[in-house]
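Student: After the sequence you'll find the predicted model.
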Amino acid sequence: MTTPSESKVQQAAKTEAPKAGGGPTGGKGTDVANVRTEGIEFPFPGYLNNIVRQIAIKFKPRNPAARLKAEVRFLIHRDGSVSDLTFIRRSGNFSFDLEAQGAVEAAASAMAFGPLPDGFPDDVLPVVFSFDPEFLK
């Protein structure tokens, strides 16, 4: 025999967690596994989630089913501006790489990342972002 509280626990376990959304259309994953801050302690997961979300919204590869991956590095400055966008690893597909670069540039132009959090002591945040359609759905 189950008690009422046990029944609620079992019911909650069966309920799926909501899917992370990437804006009004939803369906864009925002897995923080896509973004790294190498060598920097950055205890602001909400800011990192926003980086992923903003890039995911703007990333529109021509063939999302292709198993292509690319990795870029860029700097986010205190005011939220972005500089020094470079590829660490290209996908081998010019179109995919261009879409990846364009997604970061579009987010940067819109100042979509926002200023760095007040609690972050440095003036620049180095970011490594992995474009993997497996996570950016």
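Tutor: Structure received. Numbers count the residues shown, from 1 in each chain.

Student: where exactly do the helices run in the chain?
Tutor: 4-14, 45-58, 94-109 (DSSP state H).

Student: Out of the ones you listed, which is closest to I88?
Tutor: helix 94-109 (11.2 Å; C-beta to C-beta). Quick note: C-beta positions are derived from backbone N, CA and C, even for glycine.

Student: What lies in contact with that closest one?
Tutor: Residues from elsewhere that reach helix 94-109 (C-beta atoms under 8 Å, 6 or more residues apart in numbering): 51, 54-63, 66, 68, 70, 72, 74, 81-82, 85, 87, 90-91, 113, 129, 131.

Student: which residues does L75 contact?
Tutor: Contact analysis of L75 by C-beta under 8 Å, 6+ apart lists V82, S83, D84, V124, L125, P126, V127.

Student: which among those end up buried?
Tutor: Among the contacts of L75, those classed as buried by 16 or more other C-beta atoms under 10 Å are V82, L125, P126, V127.

Student: Specify which member of those residues is nearest to F42.
Tutor: Taking C-beta to C-beta as the measure, F42 sits nearest to L125 out of the buried ones among the contacts of L75, at 6.6 Å.

Student: separation between the residue nearest to the spatial centre of the chain and Q101?
Tutor: Central residue of the chain (C-alpha atoms, centre = their mean): V52, 1.4 Å from the mean position. Distance, V52 to Q101, using C-beta to C-beta, to the nearest Å: 16 Å.

Student: do the same with V72
Tutor: Per C-beta to C-beta, V72 is found 7 Å from Q101.

Student: For the two, indicate the residue with more neighbours.
Tutor: Neighbour count, other C-beta atoms under 10 Å: between V72 and Q101, V72 has more, with 21 against 18.

Student: R90 is in contact with that one, correct?
Tutor: No - applying C-beta atoms under 8 Å, one finds V72 not in contact with R90, separated by 9.4 Å.

Student: Could you list the low-confidence segments of this protein?
Tutor: Along the chain, segments meeting pLDDT under 70 span 1-33, 135-137.

Student: any idea where the strands of it begin and end?
Tutor: 35-36, 70-77, 82-89, 124-131 (DSSP state E).
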